[in-house]
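Colleague: sequence? don't have it. structure:
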């Protein structure tokens, strides 16, 4: 188990202050976005109920696939309201309250896109995610080598790309997920794309 200081950040001011201004920008490049969309196409069930955790103004869902319901949970209401794929959204600070405001088994699958590095209590969040995703459902965590350095946790910043993959794997294992697999896009010097995909036990 990691020590609490592993999740310290250089900016410990409330996250709500950092995210109060909307950021209508892409946080990874077009090639990495294409890889995220492909992974979502492969692992999210068409017609399913999807939770986009740590969401923003774009969800990187395949444009030609319909889902029964897509719910976003994020930090900025203006960004979430501008996301055309969301049927509903909740403004919620997971670092202030790592519980999820949803009933048990509410979703068929979940995504966390380029945001896992900001969670200060990721294992509790992933345990709660396992509660709200139905048995057999997937969570897809994607990340690159970009971050807001003042808000990324300390352990993330001292690890390389392979270390990030192992760290997220450890989060899932401790949180009780199963069937963990890794996906890496072809190595590029900028915006390499990695994914850790896990399954809620049946």
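Modeller: On my side now, so go ahead. From a predicted model like this one, the values you see are computed outputs, not experimental measurements.
Colleague: which stretches of this protein form helices?
Modeller: Assigned by DSSP state H, the chain shows helices spanning 15-18, 30-43, 77-81, 122-132, 154-158, 161-175.
Colleague: Check which helices and strands the longest one sits against.
Modeller: Same thing as helix 161-175. Where contact means 3 or more Cβ pairs under 8 Å, 6 or more residues apart in numbering; DSSP states H and E, helix 161-175 is packed against helix 122-132, strand 133-143, helix 154-158, strand 178-184, strand 194-199. Backbone N, C-alpha and C define where each C-beta goes, glycine included.
Colleague: Among the ones you listed, which comes closest to residue 62?
Modeller: Residue 62 lies closest to strand 133-143 among these, at 12.6 Å (Cβ to Cβ).
Colleague: what are the pairing partners of that closest one, and which direction each?
Modeller: Its sheet considered, strand 133-143 pairs with strand 107-113 (parallel), strand 194-199 (antiparallel) by DSSP bridges.
Colleague: re the thing from before, want to throw the helices of the chain into a markdown table with mean pLDDT and distance to residue 60?
Modeller: Listed next are those as a markdown table, based on pLDDT from 0 to 100; distance: least, Cβ to Cβ, whole Å:
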| stretch | mean pLDDT | distance to residue 60 |
| --- | --- | --- |
| helix 15-18 | 88 | 22 |
| helix 30-43 | 94 | 4 |
| helix 77-81 | 97 | 14 |
| helix 122-132 | 98 | 18 |
| helix 154-158 | 95 | 21 |
| helix 161-175 | 96 | 18 |
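Colleague: Pick the most buried one from those.
Modeller: Ranked by mean neighbour count, the helices of the chain are led by helix 122-132 with a mean of 21 (mean count of other Cβ atoms under 10 Å).
Colleague: Now do that helix and strand 133-143, the angle between them.
Modeller: Helix 122-132 and strand 133-143 meet at an angle of 140 degrees, taking axes from the mean of the first three to the mean of the last three Cα atoms, to 10 degrees as the criterion.
Colleague: Next up, the contacts around residue 46.
Modeller: The contact partners of residue 46, by Cβ atoms under 8 Å, 6 or more residues apart in numbering, come to 65-67.
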